[in-house]
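1. Just a sequence and a predicted model for now, questions to come.
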Amino acid sequence: MKMMKMKLLLFLCGILWVSADVLHEDLNIRGCSDSDGEFMYTLDGEEVWYADFKKGKGVEPQPPFIDHMSYQEGTYEQAVANLQICRTNLGISRRAMKDIPVEKDPPSGLVIYPRDDVELGEKNILVCHVSGFYPAPVNVSWTRNGQKVTEGTSINVPFPSKDLTFTQISRLNFVPQIGDIYSCSVEHLALKEPQTRTWDVETNSPQSGPGPAIFCGVGLTIGLLGVAVGTFFLIKGNECS
């Protein structure tokens, strides 16, 4: 374990359980900093419950392809109690290691992509996937054609990886239109300037509308008609001679 990573103190509790033919990974993730905290349950890498300390409640962002699971009353209160214990332990560790500099790792991965296949004029979601950074969190901002966008944006809580770095995912609700260019910019303590990725609707979308196919079809029809007419007059000319 990297002992210099003291900005965020984490406790990872993992349970592997096996059914008849499937191995699953069930994690309880707890962490804190001076200004924030984390308490999360995951199943096979998917968030199933986390404590939103800013809103003062538990959240269940479970994907639609699993059976919905609800946690018993008092789970959020337990998360609050663990947050206080974590901050106490963090203070003790910081005093014991005050002369060791804090390690900072910039994001090693930044990808922007649409959640669904792109159809012009149809609602979709752009995903900005940031990984490999320490400490958490990152700050993510979006633009459309150079203009900052805040409406329809969201970001999940930092998700720890096995190498002690973090992953965060930001999403933007959008309707793809030809000519639009979107960008996702990431700020982090280890970066001197933001990292940015762009996504171009025109480059990443299929041909719009049936125009080219219809044009080719009409051209082929006219071509075949011309051949037929020419053949007809050639035959008639031979009959007359």
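-> Received it, and whenever you're ready, just let me know what you need.

2. which stretches of the chain have low pLDDT?
-> 1-22, 65, 205-241 (pLDDT under 70).

3. Please enumerate the helices of it.
-> Here the chain has its helices, by DSSP state H, at 75-96, 201-204, 211-240.

4. And this protein, split by domain according to the record?
-> Listed domain ranges for the chain are 9-96, 109-204 (source: automatic domain parsing).

5. what about the longest one, how long is it end to end?
-> Length of domain 109-204, first residue to last, CA to CA, to the nearest Å: 20 Å.

6. Can I get the domains of the chain in CSV including distance to residue 102 and mean neighbour count?
-> Heads up, the C-betas are built off the backbone N, CA and C, glycines and all. Below are the domains of the chain laid out as CSV (distance: least, CB to CB, whole Å; neighbours: other CB atoms under 10 Å):
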stretch, distance to residue 102, mean neighbour count
domain 9-96, 10, 14
domain 109-204, 7, 16
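
7. Could you dump those into CSV with distance to residue 103 added?
-> Below are those laid out as CSV (distance: least, CB to CB, whole Å):
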stretch, distance to residue 103
domain 9-96, 13
domain 109-204, 7
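
8. Roughly how far does residue 90 sit from residue 164?
-> Noted for residue 90: a distance of 16 Å to residue 164, by CB to CB, to the nearest Å.

9. Revised request: answer the last question for residue 55.
-> From residue 55 to residue 164 the distance is 28 Å (CB to CB).

10. and if you look at residue 114?
-> Residue 114 is 30 Å from residue 164, by CB to CB.
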